[in-house]
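In: Using only what follows, build the 3D model:
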Amino acid sequence: MTRSWNEATRRIKSAAQRGLRAGVDRVVSYGSEALIRQRLAVYGRVDDFRLNSQAKKIHLTILLAGDDKPLSVDILRYEVVLGAQPSFVVREVVATRPWLDRLLGDFLVGRRIPIPARYVGMCRFLLGHGDVENGLGAED
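Out: Residues are numbered from 1 along each chain as shown. All right, here's what the predicted structure looks like:
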């Protein structure tokens, strides 16, 4: 009886954590997408934005101004660094256009992108102050 009770408790906890993770992803995705749409508006239109904080991945589909075909950018690994200056760091990225793939590799990968002050409190709350165990971020 105890064993089956423990297994049932573990399954309920796991389902709750998955549900919470999905909710956190929706909240973070909404805020992130709004910021990215604003920043990229001068270059084109963001048609798709998907965030998976568990896998630390982001997918973007962008239609650049003057282009007739959208391009995709996949951030395959990222980190949110919380500390004196909270920032977002892309660790690995690929794009569907070779020139953009190279450009992102040269100018984006490994560079800290400061998180705007108005989002820092939300990031600290949602990311558990650098909860590496949950795959969310890291402390300086």
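In: you'd agree residue 47 is in a strand?
Out: Yes: counting by DSSP: H, G, I helix; E, B strand; the rest coil, residue 47 is part of a strand.
In: Adjust the sequence numbering to begin at 848 for everything that follows.
Out: Right, with 848 as the first residue, what we last looked at is residue 894.
In: Buried residues, the longest strand anywhere in the chain. List them.
Out: In the chain, taking DSSP state E as the definition, the longest strand is strand 918-929. For strand 918-929, the neighbour count (16 or more other Cβ atoms under 10 Å) marks 918, 920, 922, 925-929 as buried. For the C-beta atoms, the positions are set from N, CA and C on the backbone; glycine is no exception.
In: ditto for stretch 956-973
Out: 962, 966, 970-971, 973.
In: and the gap between residue 896 and residue 949?
Out: Using Cβ to Cβ, to the nearest Å, residue 896 is found at 23 Å from residue 949.
In: More neighbours: which of the two?
Out: The neighbour count for residue 896 versus residue 949, taken as other Cβ atoms under 10 Å, is higher for residue 896 (17 against 11).
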